[in-house]
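> Coordinates for the following, if possible.
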Amino acid sequence: MTLASLARAGREPAVPCSLRLGGAELIIDAWLRVLPGQRYVGRGVWKGRAVLAKLLVGPRAAKAYARERAGARSIVEAGMPTAPLLDDGWQDGEGGWLLFAFLEQAESLWDAWRRHEAEPCLSPAQRDVLGEALMLVAQMHRQGIWQDDLHLDNLLRADGRLHVVDGGGVHAERAGAPLSAERASKNLAVFFAQLPADVDDHIPRLLEPYRQANSVHALDAQALRAEVRRVRQWRLRDYLKKAGRDCSLFSVERGTQGLRAVRRADLQRFGALLDDPDALMARAVRLYKDGNTATVACVPHDGQPLLLKRYNIKGLGHWLKRFWRPSRAWHSWIEGQRLGFLGIGTARPIAVRESRCCWLRGRAWLVTEFLEGHDAIAAFEPYLDNAPPEKQLNALEQLFAALVRERISHGDLKGHNLMWTGEHWALIDLDAMRQHRSDTRFARAYARDRARFLRNWPRESALYRLLDARLPKDSLRPEA
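Got it, this is the predicted structure:
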C-alpha cells in the first residue's frame, strides 16, 4: 500500500497493512485514530521497533505535516518528556509521515481519571491526577509552549513519568520565554473546560500545584472560571453538532427514507440494533408502557439489557404536527448527549432511528442503556416520615445544583423519571428537556420542575419538608 492508496481507503483500512516509507517498510497492525482521507494514526513495526505512526494524506497534508513536525521539535527543545521522533518524511503527490517510539504500557491521564470519575468531586485520587497534569502543564508554560487542544488524553504516564504527546497542537509564543499571563490563562481554560463542571468551584485550590511549578504569573482564578465556562459552552455546541453528523465520534446516516445514528465506538456492537426495531420490541423481557404516543420495553441484546422506546404516531392529525420537526427520539438523543457531556447522570444514549418517507418523519426509536436501580418514588418510599440516607440526599442536591448551573429544565420531573443507581441520580425520559438562554424563562421552568418533583409526596410529610428545605430554591445562581 502507498500513502496515495491509503487516502482512498476510507474509515477502516484493512490491517495488517504494509507501506514503503523512505526505503523502509512500515507494518501497521492496528489503527488508533482515523480521519478518512486526511490522517491515519496507527500502531506498527518499523525497522524492528514498535512505533506510533502518523500518516498525513490529502490536500491539506503538507500543512498538517509541517505543523506536526514543528510541534514535536518544540516539545523536545523545551526539554519536555515525550516519545522520541524516530523518522519523518514527505513524498510529493502522496503525503507525509512521522514515526514515534511507541510508549509501551503507557497510560493516559484520561484513563487514570476515568477510574476515579464516579468518586465525590475532587476526591484525593482525582486531585492527584489533576495535580500531576497541572504540574506538567506549568512546566510547558514556563518553557514558552502550549498545546491548543490540552486534555488528559495527551498526557501519557510511562516509565514512572508523564510524557507530552500530539505535537500537532503544540505552539511556541516566544522561544525560551515563559508564556504570557493571557495565553497561559486561556490554555488552562481549555484544560479545565474538558473536566466536569462541578470541578470549577475548586479551580483556586487546583491551581496550587501549577503555581508551584510556574510562579511567573499571579493568575486570576475568578477570570479563569469565567473563561472556562465560555470554552465549555463552545465545546458543548461543537459536540452536539457532531452528534448529528457523520464524524469520528458518531456514525450518522441520513436519507429520504430515514435517519440513523450511533456512537462510532458502539458501531460494531450496536450498529445493526435498529435494523428491525419492532422485531426487537417483540422480544422484550418486560414491557413498561404501551400507549398511543410511546411504547417502552426492556430488550435483550448481546447478553445485555437495553431500554427501547418507540415514539408512535396516533393518526393523521398527530402526524401533521410531527412530520416537519425533529422527532422526540432525536430530541432525547441530543439531550442525552448534552447531559453526558456535562457530567449529569442519565441513561447513556446508544442509538436512534427515524422512519421517513420523502424526508417526512414518521415513527422513531431510541435505544439507551438500561439503568439498574429504583426511581425516586420507590427509593424514598421507606422514608416518608424520616430522612433518607445522606448519600442520596447529597446526590440529589448536587443534581439540582447542576441543573441550575447549566440552566437545564427537565419538563416532566415526576419521581418515575429520576433513577437511583446506587451511586448517583440519573434523569430519564428527556423528551421535554431544554437548556435555556434566558434566565427568566429558566427560572419559571425550574420552579415548575422543582414543584413537580415535590408533588410526589404529601406536603405534610417529613420527607416533603426535608426535600423542600434542601433542594435549591434560587435558580438565578450568580455566575463566577
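> Who are the contact partners of Gln38?
Remark: with contacts taken as C-beta atoms under 8 Å, 6 or more residues apart in numbering, Gln38 is in contact with 56-58, 60-61, 64. Just so you know, the C-beta spots here come from the backbone N, C-alpha and C atoms, and that holds for glycine as well.
> Identify all contacting residues around stretch 422-434.
By C-beta under 8 Å, 6+ apart, the list of residues contacting stretch 422-434 from outside reads 118, 328, 331-332, 335-336, 338-339, 344-347, 368, 371-373, 376, 392, 395-396, 399, 408-412, 416-420, 445.
> and if you look at stretch 186-196?
Outside of stretch 186-196, the residues within contact range by C-beta under 8 Å, 6+ apart are 117, 121, 130, 133-134, 137, 141, 146-152, 179, 199-200, 203, 206-207, 210, 219, 224, 227-232, 235, 342-343.
> in stretch 8-15, what counts as buried?
By neighbour count, with 16 or more other C-beta atoms under 10 Å as the criterion, the buried positions of stretch 8-15 are 9, 13.
> Please read the previous query as pertaining to stretch 52-68.
For stretch 52-68, the buried set under the neighbour-count rule, 16+ other C-beta under 10 Å, comprises 52-58, 61, 64-65, 67-68.
> Buried only: go through the contacts of stretch 186-196 for me.
The neighbour-count test (16+ other C-beta under 10 Å) marks 117, 121, 130, 133-134, 137, 141, 146-147, 150-152, 179, 199-200, 203, 206-207, 210, 219, 224, 227-229, 231-232, 342-343 as buried among those.
> which is the next helix or strand following the lowest-mean-pLDDT helix or strand in the chain?
Taking all helices and strands of the chain together, the one with the lowest average confidence (mean pLDDT, DSSP states H and E) is helix 316-322, at a mean of 65. Scanning the chain past helix 316-322 towards its C-terminal end, the next helix or strand to appear is helix 328-342 (assignment: DSSP states H and E).
> Could you identify the helix or strand that succeeds that next one?
The element immediately downstream of helix 328-342 (helix or strand, assigned by DSSP H and E) is strand 349-357.
> what does the helix or strand following that next one rub up against?
Stepping forward along the backbone from strand 349-357, the first helix or strand reached (DSSP H and E) is strand 360-369. Under the criterion C-beta under 8 Å, 6+ apart, residues 270, 273-274, 277, 306-313, 319, 322-330, 332-333, 336, 347-356, 428 lie in contact with strand 360-369.
> C-alpha coordinates for strand 360-369, PDB please?
Coordinates of each C-alpha in strand 360-369 appear next as PDB, following Å, rounded to 0.1, in the frame of the first residue of the first chain:
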ATOM      1  CA  LEU A 360     -41.200  13.500   6.100                       C
ATOM      2  CA  ARG A 361     -40.800  12.000   9.600                       C
ATOM      3  CA  GLY A 362     -42.900   9.200  11.000                       C
ATOM      4  CA  ARG A 363     -42.300   6.800  13.900                       C
ATOM      5  CA  ALA A 364     -38.900   6.900  15.700                       C
ATOM      6  CA  TRP A 365     -37.000   4.700  18.000                       C
ATOM      7  CA  LEU A 366     -34.400   5.400  20.700                       C
ATOM      8  CA  VAL A 367     -32.100   2.900  22.500                       C
ATOM      9  CA  THR A 368     -30.400   3.700  25.800                       C
ATOM     10  CA  GLU A 369     -28.600   1.700  28.400                       C
END
